[in-house]
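# Predicted model follows, preceded by the sequence.
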Amino acid sequence: MTVRGEARLAVRPLAALSATVAVLVLAPVGGLVFFAARGSGDLWPHLFANVLPAALRTTLALLLGVGVVVAVVGVGAAWLVAMCRFPGRRWLEWALLLPLSIPTYIGAYAYLDVLHPVGPVQTGLRAIFGLTDPRALWFPEIRSLPGAILVLGAVLYPYVYLPTRALFLMESASMVDAARSLGASRWRAFLRVAMPLSRPAVAAGVSLALLETLNDIGASSFLGVNTLTVSIYTTWTARSSIEGAAQIALVMLVVASALILLERRARHGKRFAAGGDAPPSARVPLSGVAGAGAAAFCALPVFVGFAVPASYLVVQAWRRVSVFGLPEELGRWIANTVLLASIATGIAVAIALVLVYAARPLAGNGGGWRAAVPRIASLGYAMPGTVLAVGLLVPVAALDNLVDDAMRSLFGLSTGLLLSGSGAAVIFAYVLRFLAIPIGTIEAGFAKIDPAIELSARSLGAGARRILLRIHAPLLRPAILAGALLVFVDCMKELPATLLLRPFDFETLATFIYAEAARGTYEDGAIAALAIVAVSLLPVAVVGLSGRREQSAPAFPVQPAVAVGPA
Amino acid sequence: MRFIRDWRPAVSVLLVGLPLAAGLTPTGAAAAEVNVYTTREPGLIKPLFEAFTKQTGIEVRATFVQQGLAERVAAEGRNSPADLLTEADYGSLINLAERGLTQKIDSAVLNRAVPVALRDPDGAWYALSMRARAIWVSKDRVLDQTLTYENLADPRWKGRVCTRAGQHPYNVGLISRMIAKNGAEATGKWLAGVKANLGRKPGGGDRDVARDILAGICDIGIGNSYYVGLMRSGKGGKDQESWGNAIRVILPTFADGKGSHVDVSGAAVARFAPNKDNAIKLLEFMVGDEAQKIYAEIDYEYPVKEGAKIDPLIAALGKLKIDPEPLISVAARRKEASQLVDKIGFDH
Amino acid sequence: MTKRGKSVRIEGLTKHYGSARVLDDLSIDIAPGEFCTLLGASGSGKTTLLKVMVGFEPFESGRVSIDGRDMRDVPVERRNIGMVFQNYALFPNMNVGANIGFGLEVRGMAKAAIARRVDDALAQVGLAGIADRPPAELSGGQQQRVALARALVIDPDILVMDEPLGALDKNLRQAIQLQLKQLHRALGLTIVYVTHDQDEALHLSDRIAIMDAGRIVQQGTPREVYFKPRTPFVATFLGECNVWNDAAGPLALRPEHVAVTKAEGAAGPGVAVVEAVIFLGGGQKIVARDGDRQVTAIVPYPVGAPELQIGERIRYSYDECSVHRFA
Ligand SMILES: Nc1ncnc2c1ncn2[C@@H]1O[C@H](COP(=O)(O)OP(=O)(O)O)[C@@H](O)[C@H]1O
Ligand SMILES: [Fe+2]
Ligand SMILES: [Mg+2]
């Protein structure tokens, strides 16, 4: 007999909500199964023999490359910014977040244009050397695996930088001091103390960046890098087999989930240590060559990941604006985009809070299936946006039609497509796709809250809801904020699900860019792209500045990290 | 249970309020409107719809759904708001019809305007415009004035050929026709030969081929006819104009010399179209003189309507001879063509 | 005050964490208004027992009753047990006043009434006037007393404290112990107090229950458990104790009951070699060895006389009536 006391009663609504969300999250997977189960006939052996091996090799190589780039850049920059003092540090600390605002497909676009033999860089170089033949200079080709690694690495490293820097600021400083007092050199202290301490944050950040890479379609296909996700897409379009596409997608989902599980297991029990009160020791001043080197190391990723694509967009947009002015509908696209992104962000954060709260390993309700719900709810992040959208199409429309049928037969009135005809389906897709992010930040935040705080509130008579609203929500504010901002920016950039699920006659910045790019009027697209970057910069700035204000306890314990995989 | 009661208002606000607040109220069938799902870029067909609205007062609401148009319409089923479905290639039109997502239209206007070969025999879909898959060569470095598609595999182009992905429907269409005409084996050899000639990885769009020719990465490539008009007209900016002017366009034939590979864009009335009459009106408008002129002038496509005027930029490419292989037999080879691309590893 | 706390009865309680048995068929009775201390080494299950009592932790078998009523279906928030945590667990997002007033707010009390009660509670623990400060600005002792005030203000039937003074310095600890004792007398509530510090247990308690490996090995008044330990474990755990074997079996002897004189001449029965002399201020502790028997004695400091040196021989003796034989 297990006597659970009535703690259970108080959390039952939470349990119900958890269960509901788990079911909803599995809806797109159900949609995929629906397609996959129809069978792809003789296509699967063909895919297996001629498509998947190469796609798998390409994918692994791309993941490996991007993984190394984001780890080196993210950890290196985080270390320098957190532990050293050098010219421009304060400015760079914030600027290193800027590439978050650049969608991968825009990065790819910009780099192809900028580095092309007839683009500004090579043209300029030829002018300097007095060359006229475009073939006179040899330049590495951006439409290649290394090119894709560069572009993706340059815009994805903040996923590593953000949590690692937070960890360095919070935890390691005093331990590094201790190591140094024991005679370790700065370098040794970094390798032997700071690195191992930061490993969970790094692993978490890298796994996020890798999931983004795995699911990327825009940059990869544009640069001719045929990953598994690109194969899913071509199987659907060129091979005309949504069944085959769904089959690949399901296999990929299994593989991605397995990897995530492995990552979780690898750092099982290695909780992000609860933040001590120890203020970080004074930063080590670097001057001369060392200082310049540090500044260059931190400035380079900002340059590559933000300055180049952003100025490319500014130039392109200006060409168009100077002739035709701003597109008259720009305001509406921005409003639509921000509206969808804000609603989805609000819902995602609220759901994440409830799920994590319901799953927290506390007396009376810890463990059990509820602990698995945040993991299930994070599945959406392991699926390409297109796949999730197609998977969602079936159940959402089925629900719509069910409701419509019911209403017709009961009241003789038609409700039409309640969800898929409104923005609800897009919002639903955003929430499912990005729920992993606030789950991760909030879980990380929870790990830092002394469980006794909740126990004492309960002993004072408070119920679950009051504790969540009065105590946890305020304490988690930085984590919630960080999660919200990241989700918001991701929603702003999201393309494939928006394209497929958005309601009739409804454009967002991303769909407009895509439509223009598909048609080749890049300059029109550049205006919308610039708007995405500009709007995304606001939250990025908020994250950056709030982190700066509270240096000893960074306002964003962003370990989106913990995001994926079982606790 | 107090807990639940307190949460309920919030939940209902989320479920009902937000979509409404978003101003995205579900669509119903109003009298004077027609809803279009399109895989064609909206910028290309918008001028057309504006002209239609001006003439008839019927509002056109278009949604660009590039991939998954068929899946979306199928999933929406009877409640789909879609009236007219437009597709950018023949294979997709057939796919729509085969999946029962369209309805048959019997319209004298349509049947008169669209040649028999360019529409479904039962009226399930109609082609609206055509494009040729052309060969583009460097103006400066290539002297040839005529070429066949088969020539692309000639060893003399080694390291000089550029194209978009082999799996792109434009290329799959071309390969399908090659299979229909020359057989799978010969086509496989040809495709391997083209691959051996590639100057860079297949990828990007057709316009990138022109840019790469300008840059000297390639000397020869494949691209659709309308892109030439788009680039050379300067509508895509000065850069694109210079790309367009770096190439000479050859309207190729197959080895038999009969004609070029031509694909179509077209439209179909959706099976559950709530505004069926308006959809037919729009479809009829699209094959009318005014619309066909817009297709030609704005999009640089070949009109389907006999005798409709071709834009001068496109007319300058030379007289288009259409390969006579029926679209239906080309379409039947699509799967084979796509698998051939995989087997040869064309895109890797 | 006339109020009387409620009784707590725990019967046959067993609880596992995974496969580890943390509470093992544990039973204890705590009388109304009693100050009962759970004393045990770290990891012996004290905190777990408190959590089960308060209702935080599920358990596999056994029964918890308060005032004779089975608590199975009574949730934490309705047990009316005040709890003070070792690290105080003050809500960092609320100031001192809000912390203390939280339990009253939960009970739907009006704002003005809450403010009054908060002020009273602060005065009661000697912290009047700090209601507006954030907890982070308080010293450890102040935080501790805020936690106490927060637990008391809801007028609990039972107050449960988990090593509440562990983090404080000795002087502060003794001062608060005194306050606690007075509060207990004044309020008359039942207090269940957890500590691993024997002195604290001896000073405060009406009754001490000694825990080891999830069981209560002995309970009784401080005097009982001190002078009549049931097992060698209890004997050594509660203060220092000589545990020897003689012909009649094992025996326990408190060091303060051992007398020591300088031994002239050679070894023999009752003679030991000094291994350490420790100055205690109020006296000195002598550790000596007689064969395999370690002898610990606490004796007055020999003012004016020469100090004992390591290696010297001593003769030790004791009164047979101060020897305790294990049952
Ligand atoms: N949440 C938990 N999960 C697993 N084991 C636990 C947990 N809490 C305590 N334990 C284990 O139970 C035993 C008793 O712990 P506890 O009651 O905290 O002891 P005490 O308070 O006496 O130091 C210890 O061995 C401890 O490691
Ligand atoms: Fe095109
Ligand atoms: Mg304890």
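Received, thanks. Ligands and ions are numbered 1, 2, ... in the order given.
# for the stretch 301-450 of chain A, what spans make up the strands?
For the stretch 301-450 of chain A, applying DSSP state E, counting those that start in this stretch gives no strands.
# just the helices in it please.
Ranges of helices within the stretch 301-450 of chain A are A:308-324, A:330-359, A:368-377, A:385-411, A:424-434, A:436-447, based on DSSP state H, counting those that start in this stretch.
# any idea of the mean pLDDT for stretch B:217-232?
The pLDDT scores in stretch B:217-232 average 94.
# How much space separates A:S536 from ligand 1?
Noted for A:S536: a distance of 42 Å to ligand 1, by C-beta to the nearest ligand atom, to the nearest Å. Heads up, the C-betas are built off the backbone N, CA and C, glycines and all.
# So C:A209, which state does it fall into?
With DSSP: H, G, I helix; E, B strand; the rest coil as the basis, C:A209 sits in strand.
# burial count for residue 40?
Let's take chain A. Using other C-beta atoms under 10 Å in any protein chain shown, A:S40 has 21 neighbouring residues.
# I was after chain B.
Per other C-beta under 10 Å, the neighbour tally for B:R40 reads 26.
# Check the gap between it and chain A for me.
The span separating B:R40 from chain A equals 9 Å under the rule C-beta to the nearest C-beta, to the nearest Å.
# wait, that residue sits on B:T86?
Yes - using C-beta atoms under 8 Å, B:R40 is in contact with B:T86, at 5.5 Å.
# Mind listing the shared neighbours of these two?
B:S265 (C-beta atoms under 8 Å, 6 or more residues apart in numbering or on different chains).
# got any ranges where the stretch 201-350 of chain A has weak pLDDT?
A:263, A:266-282 (pLDDT under 70).
# can you check the stretch 201-327 of chain C too?
Residues of the stretch 201-327 of chain C that meet the criterion pLDDT under 70 lie in C:266-267, C:327.
# in which helix or strand would I find the spatially closest residue to B:N95 that is not a sequence neighbour?
Sequence neighbours aside, B:A70 is the residue nearest to B:N95 in space, at 6.0 Å (criterion: C-beta to C-beta, 6 or more residues apart in numbering or on different chains). Secondary structure assigned from DSSP states H and E places B:A70 in helix B:69-76.
# Would you give the sheet partners of the next helix or strand after that helix, along with the direction of each?
With elements assigned by DSSP H and E, the helix or strand that comes after helix B:69-76 is strand B:84-87. Looking at strand B:84-87 with DSSP bridges, its partner strands are strand B:33-38 (parallel), strand B:262-270 (antiparallel).
# Can you name the residues in contact with strand B:84-87?
In this structure, residues lying in contact with strand B:84-87 by C-beta under 8 Å, 6+ apart are B:34-40, B:45, B:69, B:73, B:93, B:96, B:101-102, B:125, B:128, B:265-270, B:273, B:279, B:282-283.
# hmm, 6 Å instead?
Strand B:84-87 has contacts (C-beta atoms under 6 Å, 6 or more residues apart in numbering or on different chains) with B:36-40, B:93, B:267-268, B:270, B:279, B:282.
# Tell me the confidence at the residue of chain B found nearest chain A?
Proximity of chain B to chain A (C-beta to the nearest C-beta) peaks at B:G203, 2.8 Å away. Here, the pLDDT recorded for B:G203 equals 86.
# List the contacts of it.
A:143, A:224, B:165.
# export the contacts of strand B:84-87 to CSV and tack on distance to A:G525 and pLDDT?
Listed next are the contacts of strand B:84-87 as CSV, based on distance: C-beta to C-beta, whole Å; pLDDT from 0 to 100:
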residue, distance to A:G525, pLDDT
B:V36, 22, 92
B:Y37, 21, 91
B:T38, 18, 88
B:T39, 18, 85
B:R40, 16, 77
B:L93, 27, 91
B:A267, 25, 95
B:A268, 29, 96
B:A270, 29, 96
B:A279, 30, 95
B:L282, 27, 95
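# buried residues in the strand or helix carrying A:L24?
In this structure, A:L24 sits in helix A:7-37 according to DSSP H and E. Neighbour-count burial for helix A:7-37, counted by 16 or more other C-beta atoms under 10 Å in any protein chain shown, picks out A:7, A:10-11, A:13-15, A:17-18, A:21-22, A:24-29, A:31-33, A:35-36.
# just checking, what packs against it?
In terms of contacts (3 or more C-beta pairs under 6 Å, 6 or more residues apart in numbering or on different chains; DSSP states H and E), helix A:7-37 is packed against helix A:242-266, helix A:330-359, helix A:368-377, helix A:385-411.
# quick one, phi psi at the residue nearest to B:Y126 when sequence neighbours are not counted?
Nearest residue to B:Y126, sequence neighbours excluded (C-beta to C-beta, 6+ apart): B:R119, at 4.6 Å. As for B:R119, its main-chain torsions (degrees, to the nearest 10) stand at phi -150, psi 160.
# got any ranges where chain B has weak pLDDT?
Within chain B, the ranges that satisfy pLDDT under 70 run B:1-31.
# roughly how far is the helix holding B:A70 from the heart of the chain?
19 Å (C-alpha atoms, centre = their mean, to the nearest Å).
# swap in stretch A:322-332?
Remark: stretch A:322-332 is offset 30 Å from the chain centroid, using C-alpha atoms, centre = their mean.
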